[in-house]
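Asks: Sequence and predicted model, in that order:
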Amino acid sequence: MRDSFQFAETLLKDIKPINQLKYPSYRQANFIVLKAPDIPSVLVEMAYITNKEDERLLNHGEFQEKMAETLTTSIKKSLRP
């Protein structure tokens, strides 16, 4: 769980310049897949389709590419010893 929390902090810091964060820190949820003791995991909500501006961003290739790159970078940072 500690690894998941550390990764969530890294990811939030890395995503903040790309899109406005609804919550400034990570939150916990009671999903079984998020509580597996042997696999660090996070759930990422990049934007909300119920928000017109977010929906526009989600449909924009540049935003999708930037989010994918940021997720990849954050994962690589978390894997470093």
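Replies: The structure has been received and is ready for your questions.
Asks: count of residues packed around the residue nearest to residue 48 when sequence neighbours are not counted?
Replies: Of all residues not flanking residue 48 in the chain, residue 54 sits nearest, at 4.8 Å (Cβ to Cβ, 6 or more residues apart in numbering). Any C-beta I mention is one placed from the backbone N, CA and C, and that applies to glycine too. Other residues near residue 54 come to 18 when the count uses other Cβ atoms under 10 Å.
Asks: what's the residue nearest the centre of the chain in contact with, if anything?
Replies: Nearest residue to the geometric centre of the chain (Cα atoms, centre = their mean): residue 44, 3.8 Å. Listed by Cβ atoms under 8 Å, 6 or more residues apart in numbering, the contact set of residue 44 reads 11, 71.
Asks: same deal with residue 55?
Replies: Neighbouring residues of residue 55 by Cβ under 8 Å, 6+ apart: 47, 48, 49.
Asks: Let's verify it: helix, strand, or coil?
Replies: helix (DSSP: H, G, I helix; E, B strand; the rest coil).
Asks: what's the answer for residue 42, then?
Replies: Per three-state DSSP, residue 42 ends up coil.
Asks: Would you mind listing the buried residues in the longest helix seen in the chain?
Replies: Using DSSP state H, we find that the single longest helix of the chain is helix 61-79. Neighbour-count burial for helix 61-79 flags 63, 66, 67, 70, 71, 74, 78 (criterion: 16 or more other Cβ atoms under 10 Å).
Asks: okay, these in JSON lines with pLDDT next?
Replies: Output for the buried residues of helix 61-79, formatted as JSON lines (pLDDT from 0 to 100):
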{"residue": "63", "pLDDT": "91"}
{"residue": "66", "pLDDT": "93"}
{"residue": "67", "pLDDT": "92"}
{"residue": "70", "pLDDT": "93"}
{"residue": "71", "pLDDT": "92"}
{"residue": "74", "pLDDT": "91"}
{"residue": "78", "pLDDT": "85"}
